[in-house]
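Engineer: Generate coordinates for the sequence data below:
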Amino acid sequence: MLPSRHYVSDHTRFIRELLEKKPQLETEQRIGRAIYWDKLPAEVAADRALDEGRVAQKAYVYSTDAT
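Structural biologist: The predicted model follows:
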């Protein structure tokens, strides 16, 4: 038997209802993604340059061992 063509899963129904109640949700998601993920190549290069200048840190910095 083939599933009904008009079947809508619970998950799909939930997402559709959520987007109807909060139409600004997609815009807020895009803004949040831009903060952490969408970076220009110049920003990535600057971050990489800062990372290269870091000094290696001991595994446990509060150790009283002087070695």
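Engineer: for the helix or strand containing residue 11, packing partners?
Structural biologist: Element membership of residue 11, judged by DSSP states H and E, is helix 10-21. If you count contacts as 3 or more CB pairs under 8 Å, 6 or more residues apart in numbering; DSSP states H and E, helix 10-21 packs onto helix 25-36. No exception for glycine: its C-beta is placed from N, CA and C like everyone else's.
Engineer: Touching the helix it packs on from outside, list them.
Structural biologist: 18, 19 (CB atoms under 8 Å, 6 or more residues apart in numbering).
Engineer: What's the first helix or strand after that helix?
Structural biologist: Helix 25-36 is succeeded, C-terminally, by helix 41-52 (DSSP H and E).
Engineer: Check what contacts that following helix and list those residues.
Structural biologist: Identification of contacts with helix 41-52 by CB under 8 Å, 6+ apart yields residue 39.
Engineer: Distance from the chain centre to stretch 46-58, please.
Structural biologist: 22 Å (CA atoms, centre = their mean, to the nearest Å).
Engineer: what does stretch 35-55 give?
Structural biologist: How far stretch 35-55 lies from its chain's middle: 16 Å, per CA atoms, centre = their mean.
Engineer: Can you get me a residue count around residue 63?
Structural biologist: 9 (other CB atoms under 10 Å).
Engineer: got a list of what it touches?
Structural biologist: Residues near residue 63 by CB under 8 Å, 6+ apart: none.
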